[in-house]
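>>> My questions concern the predicted model and sequence given below.
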Amino acid sequence: MPRPKTQSDEDVLEAANRLIHAHGPEALTFERLSVACGLSGSTLVQRFKSKATLKQRALLQAWDRLDDKTARLSKTIPRTPGGAIGLLVALSQDYGGIESYAEGLLVLREDLRDPLLRARGASWKASLCTVLDACFASAADAPEGVGLLMASHWQGSLLWWSFDPEVEVAAYVENSLTRFVTAITARRA
């Protein structure tokens, strides 16, 4: 079945994100994207002007999707420490195996290099931490800023999992976050 000759920018950026996540950020070229989306390289250059702009727009679209997913999941979880664990486990589901996670770290490097993408990451962190804080509002012993502490522990657990990925990432994250919540909510003697 032939590919359609006209595609929205959103569809093209989705194809760009698939290339980035499958083969790393450096694999994104107008030529490879042309093959992936069915538009000519010259059409892609006209739309996006440069590889840097294309990459930035693709990664901004990925941040949009993460913002949307976080907001959608946040509406479904109970405002409890268990709900916080559930949210972060659900956000971990898309990491896949170790190879996929390793490629994702290369994408993160691109986010850190670009001030606009860094700002999107900071904005997402703030909204995620607000939701996580709300999940601990009724926990008497929860420390100030528990949302950031938990988000930091979550990211650390992903990193430690990557060195020894013997179990599925979501199971590892859930176990690690459960231990974290137990430690911070235990009554102090």
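Now that the structure is in, tell me what you want to look at. Numbers count the residues shown, from 1 in each chain.

>>> pretty sure Leu148 is touching Cys129, no?
Yes: judged on C-beta atoms under 8 Å, Leu148 makes contact with Cys129 at a distance of 4.8 Å. For every residue, glycine as well, the C-beta is placed using N, CA and C.

>>> hey, which helix is longest across this protein?
When the chain is parsed with DSSP state H, its longest helix is helix 51-74.

>>> And the contacts of that one?
The contact list for helix 51-74 (C-beta atoms under 8 Å, 6 or more residues apart in numbering) reads 9-10, 13-14, 16-17, 20, 25, 28-30, 33, 44, 48, 87, 90-91, 107, 110-111, 114, 116-117, 120-121, 123-124, 127-128, 131.

>>> Buried ones from those, can you make that a ChimeraX selection?
Applying 16 or more other C-beta atoms under 10 Å to the contacts of helix 51-74, the buried members can be selected in ChimeraX as follows:
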select :13,14,16,17,20,25,28,30,33,44,48,87,90,91,107,110,111,114,117,120,128,131
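
>>> Narrow the contacts of helix 51-74 to those in helices?
Filtering the contacts of helix 51-74 for helices - DSSP H - leaves 9-10, 13-14, 16-17, 20, 30, 33, 44, 48, 87, 90-91, 107, 110-111, 116-117, 120-121, 123-124, 127-128, 131.

>>> ok, now how distant is Val167 from Ser127?
29 Å (C-beta to C-beta, to the nearest Å).

>>> for this structure, where's the lowest mean pLDDT among helices and strands?
helix 98-113 (a mean of 87; mean pLDDT, DSSP states H and E).
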